[in-house]
Structures are given as C-alpha cells and as structure tokens.
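K.L.:
compute the structure for the input listed below.
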Amino acid sequence: EVQLVESGGGLVQAGGSLRLSCAASGFSFGDDVIGWFRQAPGKEREGISSINTKFHSTYYTDSVEGRFIISSEKSKQMVYLQMNSLKPEDSAVYYCASSWLWTILPEQMDEWGKGTRVTVSS
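P.N.:
Sure, this is the predicted structure:
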C-alpha cells in the first residue's frame, strides 16, 4: 500500500523556519515526482514545490521561491521542505503527493498524505 506521511508542522513566528518531512512507503523512489501542496481555509489547494526523486530537478511557485527549499533522500524515501522567512500568509495545511508526471497540478497527483498544519503568527 502506497503511503505518504507528512510531519514537521507547527506554530512559528513570522520570520521563523520549519522543516516539513514526507515519508514515502509502499513504493521505491524511481523517476517519481513528489510535490508539496498547501491549502488555507477558504482557498483552493495550491502546488508550491516539487522534486523529481531521480534527477533532483525542482520547481517552486513564485510565492515561495527563494524562501523554501525542497530536497529528497532516496535511501530513506524521504522528501523535505525547508521553509524559511515564514509569513502569516504561509499558514495552511501542507500536503505531499506523488506522481509519475512532472506536474504541480493537484488533479494530476496520484497519492496524497493527510497533511500537517503550519501556523505562522505575526
């Protein structure tokens, strides 16, 4: 059974940092894409970053580029999202998801974790 489990969320002050982790099981990292998504109350789920676990190519949406860093550790089947210079508008539930496609569109992801909440106080 494919599972993705996020961890590392919490409460942080504006300007602070958090590192989210996504643990993958039930499949072996090959040419997979793992994406990070977030959904704030009343808003649509948005893709913010993704990584190809074989080639380590990465993507960031404009709102997080320069502040967030995505990385993967194949031997541990882990993907991380280092979030720096956090802003109150980064508050959301953060999800990781997997796909065979190089995509950041939620509808094109195959498997999802249950999410971890990030709250950034001003």
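K.L.:
now Tyr94, nearest residue through space, not along the chain?
P.N.:
Arg38 (4.8 Å; Cβ to Cβ, 6 or more residues apart in numbering). No exception for glycine: its C-beta is placed from N, CA and C like everyone else's.
K.L.:
for burial, what's the neighbour tally of the one you found?
P.N.:
24 (other Cβ atoms under 10 Å).
K.L.:
so it bridges to which residues?
P.N.:
Glu46, Tyr94 (DSSP bridges).
K.L.:
now do it, the pLDDT please.
P.N.:
With respect to pLDDT, Arg38 scores 98.
K.L.:
in contact with it, which residues?
P.N.:
Arg38 makes contact with 45-46, 48, 90, 92-95, 118 under the criterion Cβ atoms under 8 Å, 6 or more residues apart in numbering.
K.L.:
make it 7 Å
P.N.:
46, 48, 92-94 (Cβ atoms under 7 Å, 6 or more residues apart in numbering).
K.L.:
distance from the chain centre to the helix or strand hosting Ile51, please.
P.N.:
In this structure, Ile51 sits in strand 46-52 according to DSSP states H and E. Its chain's C-alpha centre and that of strand 46-52 lie 6 Å apart, by Cα atoms, centre = their mean, to the nearest Å.
K.L.:
if I look at the residue nearest to Tyr94, how far off is Phe29?
P.N.:
Distance, Arg38 to Phe29, using Cβ to Cβ, to the nearest Å: 22 Å.
K.L.:
next: Ser85.
P.N.:
29 Å.
K.L.:
do the same with Thr53
P.N.:
4 Å.
K.L.:
overlap in contacts, those two.
P.N.:
Shared contacts of Thr53 and Phe29, counting by Cβ under 7 Å, 6+ apart, come down to Lys74.
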